[in-house]
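Engineer: Sequence and predicted model, in that order:
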Amino acid sequence: VKPKTMFIVAWLCLAAVSAVATERDVLVSLRHVQHSALEDALMVRAMPSSPHYGAWLSHSELARLVAPPAATVQEVTRYLEQMGALNVVQRPSGDHLSARMTLDVFQRIQHDSARPLALHAMFPHHPTSIATGTSGQTSEVGSKWARLHRQYLQSTKPLVLGDPNAQKQAYGVPLSQRVTNTSCSQMVWGTGTYGFLKSDLQEFYKRENIVGDVDTLHKAGMDGIPGGDNFGEASLDVTYISSMGLGCQTTVYNSDNASDTEWSKGFGSAQLSFMEMLASAPTVPQVLSLSLGSLSFESCDFLCREVAKEGKFSYDECSNFTSAQRQVCMFNSAAESDATNTAFMKLGLRGVTIVAASGDGGSHFSFQRFDVLSGLGRALNEISCQHSMPTFPSASPYVTSVGGTQWTDGPTTPVPWRASGSGFSWQFSRLGYQEAAVQAYFNSTKLPPASAFNRAGRGYPDVAALSDGTPMIDNGQYLVAGGTSASTPSFGGLVTLLNDIRISKGLPVLGFLNPRIYQVAAAHPNEAFYDMTTGTSACTSADFCCPEEYSFLAAKGWDPLTGAQEEQGSEEWGGASKRDGDVSAVFVSSIRLRLPLNASSSSIPLLTTHMHTFSLCCARSGLTAVEWTRQVLDGRFIFVSMQQTVQHCISLFPKERHWLNRQCCFVVVCSM
């Protein structure tokens with residue numbers, strides 16, 4: 001274990017807390033910095049055009065920004081103790097306290113109109129029994145993964161399985177590309193049975209010819225439970241983030257193994273607690289991948305308010321029903337989601353790229369419909385099909401939401417995955433970085449009825465990657481699974497590779513990625529992303545489909561199915577480094593890959609013959625792609641047959657190769 005990794009693990013380790021009869025752990029949020037001020041501090045560091053771009057904060061700098069004055073902390077602490085709270089301690093973030101209190105004390109504080117104004121909100125933790133992998137409404141352990149595997153076996157299989165090497169080849173990433181900096185760190189997080197076996201990864205690496213080392217993989221927090229749904233989730237997460245971000249120190253973190261954090265509302269409080277704690281850690285991962293989530297609180301609240309209007313079922317009946325469904329409604333309140341959203345913002349200020357799965361239920365469900373044998377379930381299905389039901393955390397504007405694609409006809413022609421999560425948040429407004437892209441979608445596409453979605457909400461996903469036909473090994477069993485739980489860690493691993501290149505050049509890590517994604521998509525359409533214009537958000541991963549009239553359609557440019565489109569347009573390897581001016585670029589069809597300037601012709605990867613275009617040029621600061629073509633070789637273009645390999649194509653032009661060695665520009669276009 002690297003010293004830095006040990007430090008992360010040591011700082012973040014959480015002790016399991018036993019539930020005492022009437023006492024609960026409570027996270028107390030203090031009001032100080034305005035939300036807009038925190039957002040401004042993030043955006044000025046995340047906008048590539050800003051002089052402060054990449055000036056991420058240390059944990060002490062963040063604490064100075066968000067922590068209220070000491071007198072305010074003392075005032076709230078005294079108040080809580082006077083009301084009967086125990087063990088009141090200021091957390092390292094500065095803007096939160098932790099305390100223990102009985103339910104009676106909690107309720108008296110909640111309803112006390114005279115409580116200090118600085119006491120913004122309180123969030124109780126709901127500890128239950130330790131997860132065993134069988135909690136929630138499911139008839140078999142690991143049912144999610146068994147179902148996905150059965151569905152894959154029964155469906156039309158893609159021409160190519162999307163193992164990590166196949167994905168890298170499709171995205172133009174050299175199979176030899178791996179992390180070289182020991183400071184690299186990436187993390188996947190979950191709860192309940194979340195965990196993995198190194199033996200599974202060893203077998204997977206061997207089977208798929210991945211030159212990986214399980215010594216770069218580390219467990220932190222609680223032990224996972226083999227056989228649980230979330231254990232399979234963690235196995236998939238660590239398989240793809242470690243295989244794509246090859247060589248990076250990778251932490252698999254389980255912060256809470258209570259059973260209701262696996263499948264119900266304990267998850268929401270566990271996620272908030274962890275994100276708040278992580279944001280204040282001295283050292284943070286450069287990439288954090290989040291595959292777990294559910295319908296947002298606002299979606300679940302909307303469903304139950306609508307069903308209560310019909311008079312057959314009460315709001316409480318609906319709330320109890322939806323909370324009992326496995327991984328469907330796992331959040332406790334809008335305030336909890338808002339606090340988690342703020343924690344994501346703080347992690348962005350620390351320079352963490354957060355990638356989150358958009359969901360596996362199209363724009364109407366988290367991953368499957370409600371039980372049709374239940375009258376309440378049927379009523380909820382009808383309401384869901386007539387509205388967009390966004391998920392969380394993917395609908396947060398401060399994470400990079402990752403949707404899904406599939407290779408139905410092979411990797412060169414990806415299409416939107418039939419169940420890729422999509423939509424517009426009911427709770428969080430759209431930020432400026434995606435306004436133009438979303439408005440262009442509204443202006444060019446037939447939309448669902450105005451009552452079906454929040455036109456002013458944050459649209460998601462932001463990008464998409466392969467989410468169908470992804471092999472894995474879970475607890476010794478070889479499976480072919482998928483979902484945005486597969487696309488998200490894959491995308492995260494590619495961000496890690498790009499971070500490694502930037503670190504080697506003395507540049508800051510990418511951090512909060514979204515402003516750059518939309519800037520690149522607007523400035524370089526048809527270069528940075530592979531555009532998919534067919535598809536709908538009507539269906540779930542279980543192949544249940546709602547009417548298309550209430551669903552979103554794919555369109556040119558950004559859309560709510562695949563965001564700024566599939567990473568085969570390689571935002572990671574092209575657009576994200578567009579303005580650095582210190583890398584060479586390889587353009588293969590719509591695939592873009594960045595290589596170091598000192599790359600020689602012998603180090604350029606051999607590319608397969610299905611690629612349409614191959615170009616090399618040095619990225620001179622301030623030049624656009626169009627300007628490059630004017631200045632390269634006095635505007636001459638050289639066309640050769642694709643029957644030759646790219647390496648041979650380059651060898652035909654020694655003069656241009658010489659120019660490459662001099663770090664100047666040339667272009668070779670290989671046409672079919």
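Structural biologist: Received it, and whenever you're ready, just let me know what you need. In this text, all values refer to a predicted model and were calculated from it rather than measured experimentally.
Engineer: Look up how far Met330 lies from Cys546.
Structural biologist: Going from Cys546 to Met330 by CB to CB, to the nearest Å gives 22 Å. For glycine as for every other residue, the C-beta is placed from the backbone atoms N, C-alpha and C.
Engineer: Go ahead and confirm Asp95 touches Val33.
Structural biologist: Yes: at 7.3 Å, Asp95 counts as touching Val33 under the criterion of CB atoms under 8 Å.
Engineer: So for the two, which sits in the more crowded spot?
Structural biologist: Asp95 (28 against 16; other CB atoms under 10 Å).
Engineer: Find residues that contact each of Asp95 and Val33.
Structural biologist: Shared contacts of Asp95 and Val33, defined by CB atoms under 8 Å, 6 or more residues apart in numbering, comprise Val66.
Engineer: Which one's more surrounded, Cys546 and Met330?
Structural biologist: Higher neighbour count among Cys546 and Met330: Met330, with 31 against 24, using other CB under 10 Å.
Engineer: Hmm, the more buried one is touching Ser299, no?
Structural biologist: No: Met330 is beyond contact range of Ser299, at 11.2 Å (criterion: CB under 8 Å).
Engineer: where does the stretch 501-650 of the chain have low pLDDT?
Structural biologist: 526, 528, 565-650 (pLDDT under 70).
Engineer: Mind doing that once more with 50?
Structural biologist: Residue ranges of the stretch 501-650 of the chain with pLDDT under 50: 567-650.
Engineer: what's the answer for the stretch 301-450 of the chain, then?
Structural biologist: Checking the stretch 301-450 of the chain against pLDDT under 50 turns up nothing.
Engineer: With the stretch 51-200 of the chain instead?
Structural biologist: 128-129, 132-142, 145, 149-150, 152-154, 156, 159.
Engineer: one more time with 80
Structural biologist: Low-confidence segments of the stretch 51-200 of the chain, defined by pLDDT under 80: 125-160.
Engineer: Strands of that one, start to end?
Structural biologist: Per DSSP state E, counting those that start in this stretch, the stretch 51-200 of the chain carries strands over the ranges 86-90, 96-102, 119-124, 185-190.
Engineer: so what does the last one touch, helix or strand wise?
Structural biologist: On a contact count with 3 or more CB pairs under 8 Å, 6 or more residues apart in numbering; DSSP states H and E, strand 185-190 meets helix 3-12, helix 229-244, strand 249-254, strand 287-290, helix 484-504.
Engineer: Kindly reformat the ones you listed as TSV and extend each row with mean neighbour count and distance to Thr533.
Structural biologist: Converted to TSV, the helices and strands packed on strand 185-190 look like this (neighbours: other CB atoms under 10 Å; distance: least, CB to CB, whole Å):
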stretch	mean neighbour count	distance to Thr533
helix 3-12	16	42
helix 229-244	29	27
strand 249-254	26	36
strand 287-290	28	28
helix 484-504	27	19
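Engineer: Would you agree Val480 is in contact with Asp474?
Structural biologist: No: judged on CB under 8 Å, Val480 makes no contact with Asp474 at a distance of 11.1 Å.
Engineer: what's the burial count for Ser199?
Structural biologist: Neighbours of Ser199 (other CB under 10 Å): 12.
Engineer: Spatially, what comes nearest to it if we skip its sequence neighbours?
Structural biologist: Of all residues not flanking Ser199 in the chain, Gly476 sits nearest, at 7.4 Å (CB to CB, 6 or more residues apart in numbering).
Engineer: so what's Pro448 closest to, chain neighbours aside?
Structural biologist: Tyr550 (4.9 Å).
Engineer: right, and the one you found touches Pro449 too?
Structural biologist: Yes: assessed by CB under 8 Å, Tyr550 is found in contact with Pro449 at 7.1 Å.
Engineer: more neighbours, those two?
Structural biologist: Higher neighbour count among Tyr550 and Pro449: Tyr550, with 20 against 10, using other CB under 10 Å.
Engineer: Return the distance of that one relative to Ser425.
Structural biologist: Plainly put, Tyr550 is 17 Å away from Ser425 if you go by CB to CB.
Engineer: repeat for Gly212
Structural biologist: Taking CB to CB, one finds Gly212 at 37 Å from Ser425.
Engineer: higher neighbour count, these two?
Structural biologist: Under the criterion of other CB under 10 Å, the comparison of Gly212 against Ser425 puts Ser425 first, with 27 against 21.
Engineer: Show the end-to-end separation of stretch 211-223, please.
Structural biologist: End-to-end distance of stretch 211-223 (CA to CA, to the nearest Å): 27 Å.
Engineer: If you could redo that for stretch 372-390, that was the one I meant.
Structural biologist: 21 Å.
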